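Undergrad: quick one, what's the 3D model for this:
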Amino acid sequence: MSKIKFGIMGNGYLAGIIVDGYLDGILHEYELVGILGRTPHKTAAIAERGGCRACSTVEELLALKPDIVAEAASVQCVRDNAQKVLSAGVNLIVLSIGAFADEVFYDKIKETAIRHNSKVHIASGAVGGFDVLRTISLMGQAKSGIRTKKGPASLMNTPLYDDDLMTEEGEPHVFSGNAKEAISILPTKVNVAVAASLATTGPEDTSVNIFSVPGMVGDDHKITTEIDGVKATVDIYSSTSAIAGWSVVAVLKNLVSPIVF
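TA: Numbering: from 1, shown residues only. The predicted structure follows:
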């Protein structure tokens, strides 16, 4: 039986986790054919480790004829390359879900996938429970929201950061809005909020509240979706981004599994 060819967009920590999953034999149904990255020496190093080709353009990666490409890079990478991948009839796994907070871009990607008989698979990243959240949203007019607690250090270099947050007592409420507004000011910090919104009521109708907790390491996300008579809450804490990389491995594994969870 021939292997399923896959490529990776990204050459950093998360891409390395996907390569590790492949080398550990978890993805034995697959053949890693190429890795795309912006930094040549980093891309060459991870490609050598994975036993595949280092690529500097998406066209070079697509020339290797992958069946599926896993993105583990950035929102900008998705914006720049998603249409090209899908237009080639290649399926795409997206980790940087924040790209889809832009409804125009989301619709464009959806149309491209339909036109070229390809699919986008959303990786769960640092959150889960999409099945129950989506189910409740299908049952009726749902309300959804996410409450996130972060250490103030993780807010540095964003409009929400203030030096006083490092020593302030309590849990200051630093953001209140919807998922679309959150991604506009924190493009690399709220993929979880966007993922939850796409699984429920949409970026404009999913409330987001962010609290700064001095001394906290990692993120704590509490996602709630409810209709009359039914309510679900998903509460996930993570002090490492490694779970995001492994969620891509989980998607790849699920795609070839005879029993799908």
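
Undergrad: mind listing the helices for this structure?
TA: Ranges of helices in the chain, per DSSP state H, are 13-23, 40-50, 58-62, 75-87, 103-115, 130-139, 179-185, 191-199, 242-255.

Undergrad: pull out the buried positions in the third one.
TA: Which is helix 58-62. By 16 or more other CB atoms under 10 Å, the buried positions in helix 58-62 come out as 58, 61, 62. The C-beta positions use only the backbone N, C-alpha and C, and glycine is treated the same way.

Undergrad: could you do the longest one as well?
TA: For helix 242-255, the buried set under the neighbour-count rule, 16+ other CB under 10 Å, comprises 243, 244, 245, 246, 247, 248, 249, 250, 251, 252, 253, 255.

Undergrad: same check, this time on the fourth one
TA: Neighbour-count burial for helix 75-87, counted by 16+ other CB under 10 Å, picks out 75, 77, 78, 81, 82, 83, 84, 85, 86.

Undergrad: residues contacting the last one?
TA: Going by CB atoms under 8 Å, 6 or more residues apart in numbering, residue 86 touches 92, 109, 112, 113, 116, 118, 120.

Undergrad: over to residue 231?
TA: When contacts are counted by CB under 8 Å, 6+ apart, residue 231 touches 136, 224, 225.

Undergrad: next: residue 207.
TA: 144, 145, 146, 176, 177, 178.

Undergrad: quick check, the fifth one in contact with residue 205.
TA: Pointing back at residue 177 there. No: at 11.7 Å, residue 177 does not count as touching residue 205 under the criterion of CB atoms under 8 Å.

Undergrad: ok, residue 156 to residue 188 distance?
TA: To residue 188, residue 156 is 12 Å away according to CB to CB, to the nearest Å.

Undergrad: that older thread, which of the contacts of residue 86 tops the neighbour count?
TA: residue 92 (25 neighbours; other CB atoms under 10 Å).

Undergrad: okay, and the beta partners of that residue?
TA: Beta-bridge partners for residue 92, by DSSP bridges, are residue 69, residue 120.

Undergrad: ok, now how distant is it from residue 249?
TA: 16 Å.

Undergrad: then residue 147?
TA: Residue 147 sits 28 Å away from residue 249, going by CB to CB.

Undergrad: just to revisit the earlier point, for the buried residues of helix 75-87, which one is nearest residue 31?
TA: Within these, proximity to residue 31 (CB to CB) peaks at residue 85, which comes in at 17.5 Å.

Undergrad: so that closest one makes contact with residue 62?
TA: Yes: with contact defined as CB under 8 Å, residue 85 reaches residue 62; the gap is 6.9 Å.
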